[in-house]
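1. sharing a sequence plus its predicted fold:
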Amino acid sequence: MYIPAALWQRLSKSKFRSRFRLNTKDKNYAKIKGITIIEQHALNFIQKRLAPAIITNDGKQTPMRGHPVFVAQHATATCCRSCLEKWHHFPQHQKLNAKQIQYIQTVIMFWINQQDCF
């Protein structure tokens, strides 16, 4: 799946987004679980926390740490529906479709792979 280079340029210019890195604990967790399990976790988090049209706790549903995917979501602006709208142009209050879900998972996993976990 294609990820626009312009997205990475914009994210790198954001002081907030560009400060995220996986810590040693997160890297070790990713190495132990492996890429397939981390991909499954990402998909599960996206489906449960981002895909619904209405999210009662939007903006607060993704912790800042505690799992490599959570860190990646903040680094890639895929952490909540408002960030998805601002950074990725996915309208709020509409259920995400399969293509959008796949795109988000791809963005998250690309970022995690850049962190030298696997």
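-> All right, it came through fine. Numbers count the residues shown, from 1 in each chain.

2. which non-adjacent residue is nearest L84?
-> Distances taken as C-beta to C-beta, 6 or more residues apart in numbering put F90 closest to L84, at 4.4 Å, once the chain neighbours are dropped. In this view, the C-beta of every residue, glycine as well, is placed from N, C-alpha and C.

3. OK, contacts around the one you found?
-> Neighbour list for F90: R81, L84, L96, Q100 [criterion: C-beta atoms under 8 Å, 6 or more residues apart in numbering].

4. rerun that using 7 Å as the cut-off
-> The neighbourhood of F90, defined by C-beta atoms under 7 Å, 6 or more residues apart in numbering, consists of L84, L96, Q100.

5. now it, what's its secondary structure?
-> Three-state assignment for F90 (DSSP: H, G, I helix; E, B strand; the rest coil): coil.

6. and it, how far from Q40?
-> Remark: distance between F90 and Q40 (C-beta to C-beta, to the nearest Å) = 22 Å.

7. for I54, same thing?
-> Distance from I54 to Q40, by C-beta to C-beta: 25 Å.

8. who has more neighbours out of these two?
-> Neighbours per residue, other C-beta atoms under 10 Å: of I54 and Q40, the larger number sits with Q40, 14 against 10.

9. what helix or strand does the more buried one sit in?
-> Per DSSP states H and E, Q40 falls inside helix 35-49.

10. check which element follows that helix along the chain.
-> In N-to-C order, the element after helix 35-49 by DSSP H and E is helix 68-75.

11. need the helix or strand of the protein with the lowest average pLDDT.
-> helix 5-13 (a mean of 92; mean pLDDT, DSSP states H and E).

12. cool, thanks, signing off.
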